[in-house]
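> Have a look at this prediction, sequence included:
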Amino acid sequence: NTLFMARIDSWDSPGKATGSLIKNIGNLDDIVCRTEALLYDLNIDFEEFSDRVLADLPANHAEWTVPEEEIKCRRDFRQECVFTIDPKTARDLDDALSVTEEADGNYRVGVHIADVSFFVREGTELDRSAGSRTTSTYLAQRVVPMLPRPLCENLCSLNPGVDRLAYSVEWTINPEGKILSEWFGRTVIRSCVKLSYDHAQLMIDEPEKVSWDDGVIPEIQNPFTEAIISEKVNILQKLAVILRSKRESIGTIKITQPKLAFELNEDGMPYSFKVYEHKHSNKLIEEFMLLANMAVARRIYSVFPDMAVLRRHPPPRQQVLKQVIEFLKLYDIEVDYNNVGEFQACLNKFKIEHPEKSKEIEYHLLRSMELARYFCTGVLDPSQYHHYALNVPYYTHFTSPIRRYPDILVHRLLDYAVRGEKGPPGWDKHTIQHLCNHSNDKRLAAKTASELSALLFLGLFIAECGTLEQKGSVVKVLDHALDILLSDLGIVRRVYTDKLDIKAFKTRRIQSIPYMDLEWSNGRKQTLTAFTSVPVHLIKGDKPFEFKAVIPPPPPLTAKPAGGASAAGNDEDDDVITLD
């Protein structure tokens, strides 16, 4: 029951390797040890930051304030109404918003991003550490930060009531959502309130409301009030809806995967969980972050066409997509599209025509999707820059430099572009591409760690609280198992026939469609194929933190009335679940 980390020392011939145990991680049934093993396995650095890295922080970082000479060379937003909207548990606040209605009816909208590059100077130990980790990793019970906590939670975090350095994008936008002008530059801000998405949603839900009971809305710094903040949130919401409509009119793909959030007790054990809800307030922030990222991408590429750090999303893998389309056609589901807009139109159509199957159809289609990737513009042909899902020619990441290293690179490039300088000395396209490749690898590792951590805690929750009942849909029939999509949780689990309360089973094919016939111990018969809806029970597994998916048997048939006819009609038809 002990976890070890091992190293392969030599591998001289196939099937024969020698190695050594290098670390005793701990108990197999300890959640801390299992989490550490997960991080080791994915090569995610979660050790404490070294003294050499911490030495690059300001000596008085606990009491640090913005130097006067720095304020003089920045645009001052401290008297404007700037605020943050984040998850309620967030401590690293790296983006803030402002909006002002001008006398001519247009709006001045600002996105203010923590100026992390001011503190993370190129070539320092702090920079090398951030460039090695490249991303924060969000687990069910903790965050593995990219930067030391004094930076994440204090110096760079746009906390309310304190002066903070930012890099800002400001637009003039008319009431129809047309962008009339844009400005980029270093700024100093003072957020007046830290709102959660729930706080902002309250304001969106009741736009006429001007005050709330004590304690509902966090303290707001003078001279601003709840009424002022609510008015500004609703102006931003109105503009976000217009901007999203314009963006989606040219065709985009909305890919949203369910995300589990756990409530933990004092011992770090889960006592409840929920699927994170994507509200209008989340979409508001998302829209302006997208707007900022696209604006910065255009700016840095226009100035540094061979050195810009952008983010591309290739089109779907054609061979996989072809297989998916042929598979869906077996079930009389036609997929026909020529571009990204038609792809989303297909998904929307299925939600109307096949509402009971739409999530599974989406699951199959999205399997063909590539991952988005960071890249340096100097190493690829411009035809490959396009971001398929967003359907834009240039895109980058600028808005989360506290938790993403590519954003720091983008901030540095943007600053050189704004100041009209040639670019960072010593940078070349091959070095930048190497950093992008490393960032892509680490981002995937962090995403995998987050997903595996959620599954560990889900297994722990099931072990502690008992069977979890879910709605499922068959996505694949195998020889001795079924893959079932649990759409509310966003996961696929394999159900093995030897774990079911059945007398017998068989698989067969009719016109290339696979079926599985089950004969349950209670006498019921059931036929399953793709798109069959089934209840699923998630139960405690044989090993710590593992859980199994099983299909409960259908209820026994009721006694037949005189004459032998089934109360529900033909017995065979009553027992068979088919696509119809």
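Ah, there it is. Keep in mind it's a predicted model, so treat the numbers as computed, not measured.

> hey, let's count contacts and neighbours off CA atoms from now on
Fine.

> which outside residues touch stretch 441-456?
Residues from elsewhere that reach stretch 441-456, judged by CA atoms under 8 Å, 6 or more residues apart in numbering: 35, 38-39, 42-44, 133-140, 260-261, 545-546.

> and the residues you listed, which of them are in strands?
Secondary structure defined by DSSP state E assigns T137, Y138, L260, A261 of the contacts of stretch 441-456 to strands.

> coming back round to it: Throw together a PyMOL command that grabs the buried residues out of the contacts of stretch 441-456.
Applying 16 or more other CA atoms under 10 Å to the contacts of stretch 441-456 leaves a buried subset, and the PyMOL line that selects it is:
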select buried, resi 35+38+39+44+133+134+135+136+137+138+139+140+260+261+545+546
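
> Tell me which stretches of the stretch 301-450 of the chain form strands.
Counting by DSSP state E, counting those that start in this stretch, the segments of the stretch 301-450 of the chain that form strands are 309-312, 373-376.

> Out of the ones you listed, which gets nearest to L291?
Among those, strand 309-312 comes nearest to L291, with 14.3 Å by CA to CA.

> rewinding a little: kindly reformat the strands of the stretch 301-450 of the chain as JSON lines containing mean pLDDT and distance to F343.
Output for the strands of the stretch 301-450 of the chain, formatted as JSON lines (pLDDT from 0 to 100; distance: least, CA to CA, whole Å):
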{"stretch": "strand 309-312", "mean pLDDT": "98", "distance to F343": "18"}
{"stretch": "strand 373-376", "mean pLDDT": "98", "distance to F343": "21"}
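
> Could you dump those into JSON lines and include distance to K351 and mean neighbour count?
Written out in JSON lines, the entries for the strands of the stretch 301-450 of the chain read as follows (distance: least, CA to CA, whole Å; neighbours: other CA atoms under 10 Å):
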{"stretch": "strand 309-312", "distance to K351": "28", "mean neighbour count": "26"}
{"stretch": "strand 373-376", "distance to K351": "29", "mean neighbour count": "23"}
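
> In a markdown table, list those strands along with distance to I217.
Listed next are the strands of the stretch 301-450 of the chain as a markdown table, based on distance: least, CA to CA, whole Å:
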| stretch | distance to I217 |
| --- | --- |
| strand 309-312 | 37 |
| strand 373-376 | 38 |
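
> quick one: which of these is nearest R247?
Comparison of these against R247 by CA to CA identifies strand 309-312 as nearest, at 17.3 Å.

> quick one: contacts of that closest one?
Identification of contacts with strand 309-312 by CA under 8 Å, 6+ apart yields 297, 372-377, 384-388, 394-397, 406, 409-410, 432, 436.

> Quick check on those: which are buried?
297, 373-377, 385-388, 394-397, 406, 409-410, 432, 436.

> what's the first-to-last distance across stretch 349-359?
With CA to CA, to the nearest Å as the measure, the first residue of stretch 349-359 is 12 Å from its last.

> tell me the mean pLDDT over it?
Per-residue pLDDT over stretch 349-359 has a mean of 88.

> Flag every buried residue along it.
For stretch 349-359, burial by neighbour count (16+ other CA under 10 Å) applies to F350, K351, K357, S358, K359.

> just checking, which of those residues belong to helices?
Among the buried residues of stretch 349-359, the residues falling in helices (DSSP state H) are F350, K351, S358, K359.

> follow-up on the earlier one: I'd like the ones in strands among the contacts of stretch 441-456 as TSV, with pLDDT appended.
What follows is those, written out as TSV (pLDDT from 0 to 100):
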residue	pLDDT
T137	98
Y138	96
L260	93
A261	92
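
> Show the pLDDT at V340.
86.

> quick one, what contacts it?
The neighbourhood of V340, defined by CA under 8 Å, 6+ apart, consists of G251, T252, I253, Y388, A389, N391.

> Same check on D407?
H397, F398, T399, S400, P401.

> ok so, going back, looking at the contacts of strand 309-312, which are in helices?
Those of these mapping onto helices are A297, P406, L409, V410, I432, C436, per DSSP H.

> Kindly indicate which of these lies nearest D306.
Looking across the ones in helices among the contacts of strand 309-312 and measuring by CA to CA, the closest to D306 is I432, at 10.3 Å.
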